[in-house]
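*Asks:* Return atomic coordinates for the entry below.
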Amino acid sequence: MRTFLIIWIGQVVSRLGSGLTGFALAVWVYQRTGSVTQLALVSFSMTLPAVLMSPFAGTLVDRWDRRWAMILSDAGAGLGTLTIALLVWRGQTEIWLIYLALAVVGVFQSFQWPAFSASTTLLVRKQDLGRANGLTQLGLAAAQILAPVLGAALLTTIRLAGVILIDFLTFVFALLTLFIVRVPRPEPRAGEAPRGSLLREAAYGWRYLRQRPGLMGLLVLFAATNFTMGMLTVLITPLVLSFASPSVLGPVLSVAGSGMLVGGLAMSVWGGPKRRLRGIFIPLLLQGVALLIGGLRESAPLIAAAAFVFMLGFPILNACSQAIWQTKVAPEVQGRVFAIRQMVALSAIPLAQLVAGPLSDRVFRPLLATGGPLADTVGRLLGVGPGRGIALLFMALGVFNLLVLAKAWSAPHVRHVEDEVPDAEVSTAVPQVETPS
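*Replies:* Numbers count the residues shown, from 1 in each chain. So this is what the prediction gives:
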């Protein structure tokens, strides 16, 4: 665990820096343009290149030393971030230049997750994977909570260029942690996909999953839940603001973030259930129920409680899922397979964010508007007027989650994936060295 913890600390600090830049750039772009579309493009300009690059990044992670893949990722993303800082400092603030630099950052960051996840398999004992993945989720939660608070304070004092420079320094810190550790390489085995063209190897991740329907079903399940998550990140703000002030929204979002923090902390101490699928299905069930309850009333405490339960489940189910994948997928192909997972997960979220607005404004809001088609039926339970259509959409997403969960449970390959797919043997070609003396 020592090597893992050193790398983990560096990645948490780097993630916090990226969160600071993401928050600061979002505020800066919105204040400069007043456009929600331009604001959405801040995230989209990083996400799309990462999605497109993921299969090739995973192939290269399997070909290269995984520590050097993480070093390349942090170095390239750091230089892209420094470029943005220089553009802002010199006053070259054309929006398209910022988007282009963010796209470069996204390309390099596509290497990070498959390399880090595959390295964790080689560094951590099988029985400790739940705790290690819990720590990873804990770090993500901490960065998610701290970044907006610190970003808001720093943006008013050192301005955008200063915030981005801090982000660059966090990449430097992450690089230093990688330079003082060693990560073993997996030993090639018979049956591994032959090395060929980059495109052929990138497609290997899909073929690997098609031959293991339990893992493919698990991937589809998480794509669906990620879609729900993407919708909720857009909808919770207008839902709360439909009946409360921004001063109420802040605490609601903080409570939601604290749920993720508590879940990550619990997993890092507990390690999750012995049967990992229980750590996936039970939180998903609670999330569906939480969405159903959260849409019932115009109540900030009710929505905050539902959001807490919803976010509490994510670190647990993500850590348990990650442990299954790390245990079942052969280490020498994890880069390719995990990159496919990343591509699917990243694709679901921006797709959800793109359809959330039109679905809310054009479909659900009119249903529960005063005099709307459902005002005299469903409206008697949920109420009518501003925000009630979004509340109905919340509850529809809860039903969607429960239906997806029921479908996954009814699929024998998914329900028995821990027994049906054998554990992969972890063997390294070189002895593991924790840190140089």
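*Asks:* Can you show me the helices along the stretch 201-350 of the chain?
*Replies:* In the stretch 201-350 of the chain, the segments counted as helices under DSSP state H, counting those that start in this stretch are 213-241, 246-270, 278-294, 300-328, 334-358.
*Asks:* which of these sits most buried?
*Replies:* helix 300-328 (a mean of 23; mean count of other CB atoms under 10 Å). Glycine gets a C-beta too; all of them are placed from N, C-alpha and C.
*Asks:* name the helices or strands packed onto the least confident helix or strand in the chain by mean pLDDT?
*Replies:* Counting by mean pLDDT, DSSP states H and E, the weakest-scoring helix or strand in the chain turns out to be helix 36-63, with a mean of 77. Contacts defined by 3 or more CB pairs under 8 Å, 6 or more residues apart in numbering; DSSP states H and E place helix 36-63 against helix 2-33, helix 95-109, helix 112-123, helix 198-210, helix 334-358.
*Asks:* With respect to T121, which of the helices of the stretch 201-350 of the chain lies nearest?
*Replies:* T121 lies closest to helix 300-328 among these, at 4.4 Å (CB to CB).
*Asks:* what helices or strands is that closest one leaning on?
*Replies:* Under the contact criterion of 3+ CB pairs under 8 Å, 6+ apart, helix 300-328 touches helix 112-123, helix 129-157, helix 213-241, helix 246-270, helix 278-294, helix 334-358, helix 417-420.
*Asks:* Contacts for the helix or strand containing H413 next, please.
*Replies:* Assigned by DSSP states H and E, H413 belongs to helix 412-415. If you take CB atoms under 8 Å, 6 or more residues apart in numbering as the criterion, helix 412-415 is touched by 213-214, 217-218, 221, 277, 408-409, 420.
*Asks:* By pLDDT, give me the weakest of those residues.
*Replies:* Scanning these for pLDDT, the smallest score is found at E420, 88.
*Asks:* can you pull the contacts of it?
*Replies:* Neighbours of E420 in contact, by CB under 8 Å, 6+ apart: 214, 413.
*Asks:* try 10 Å this time
*Replies:* Under the criterion of CB atoms under 10 Å, 6 or more residues apart in numbering, the neighbours of E420 are 212-215, 328, 412-414.
*Asks:* Take those residues and write them to TSV, including distance to L123.
*Replies:* Shown next, in TSV, are the contacts of E420 (distance: CB to CB, whole Å):
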residue	distance to L123
R212	24
P213	29
G214	26
L215	22
K328	18
P412	33
H413	30
V414	28
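*Asks:* Return the closest of the residues you listed with respect to L359.
*Replies:* V414 (27.7 Å).
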